[in-house]
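K.L.:
coordinates for the following, if possible.
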Amino acid sequence: MIVTDDNIHTALAYLAIDPHPVALARKDVTDAENHSKEVFARAFLAAGGAVDTRKATATASKECVAATADESQAIFELERHKARSKAAEMLISVWQSENANARAAERVR
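P.N.:
Alright, predicted model coming up:
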């Protein structure tokens, strides 16, 4: 067998977490996006000059750069948890196939 019982227990435990890490990560992405928009809006309003100058100033502000970095990190965590969920589901699928093959082999004997 390729997949051990410990692998399956770990995969099932991860998939059973409530609230699930994917849901929490998705919330963090939404919060980070909203915060990034708020920071940009405040920096835009505080900047002076023409609209393009205000946009550039706001985008380059230390606060906006930090908020964008937080948003990127939140997206990274979401994708990491999505990949872990997919890996857990695949592991369970392989385990199911292995067990089905073992049962079929027993019937042939």
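K.L.:
now the helix or strand where residue 58 lies: buried residues?
P.N.:
Following DSSP states H and E, one finds residue 58 within helix 51-60. By neighbour count with 16 or more other C-beta atoms under 10 Å, helix 51-60 contains the buried residues 54, 57-58. Every C-beta, even on glycine, is put in place using the N, C-alpha and C of the backbone.
K.L.:
just those residues now: which is nearest residue 7?
P.N.:
residue 58 (48.6 Å; C-beta to C-beta).
K.L.:
surely that closest one and residue 40 touch.
P.N.:
Yes: between residue 58 and residue 40 there is a contact at 5.3 Å, judged by C-beta atoms under 8 Å.
K.L.:
now do the shared contacts for the two.
P.N.:
Taking C-beta atoms under 8 Å, 6 or more residues apart in numbering as the criterion, residue 58 and residue 40 both touch residue 64.
K.L.:
low pLDDT regions in the protein?
P.N.:
Applying pLDDT under 70 to the chain flags the ranges 109.
K.L.:
related to what we said a few turns ago, now do the next helix or strand after the helix holding residue 58 against helix 51-60: the angle between them, please.
P.N.:
The element immediately downstream of helix 51-60 (helix or strand, assigned by DSSP H and E) is helix 62-108. Angle, helix 62-108 to helix 51-60, by axes from the mean of the first three to the mean of the last three C-alpha atoms, to 10 degrees: 60 degrees.
K.L.:
and the gap between the residue nearest the centre of the chain and residue 36?
P.N.:
The chain has residue 78 as the residue nearest its centroid, 0.9 Å off, counting by C-alpha atoms, centre = their mean. Between residue 78 and residue 36 the distance is 15 Å, computed by C-beta to C-beta, to the nearest Å.
K.L.:
count of residues packed around the spatially closest residue to residue 66 that is not a sequence neighbour?
P.N.:
What sits nearest to residue 66 in space, not counting adjacent residues and going by C-beta to C-beta, 6 or more residues apart in numbering, is residue 39, at 7.9 Å. Residues lying near residue 39 (other C-beta atoms under 10 Å) number 21.
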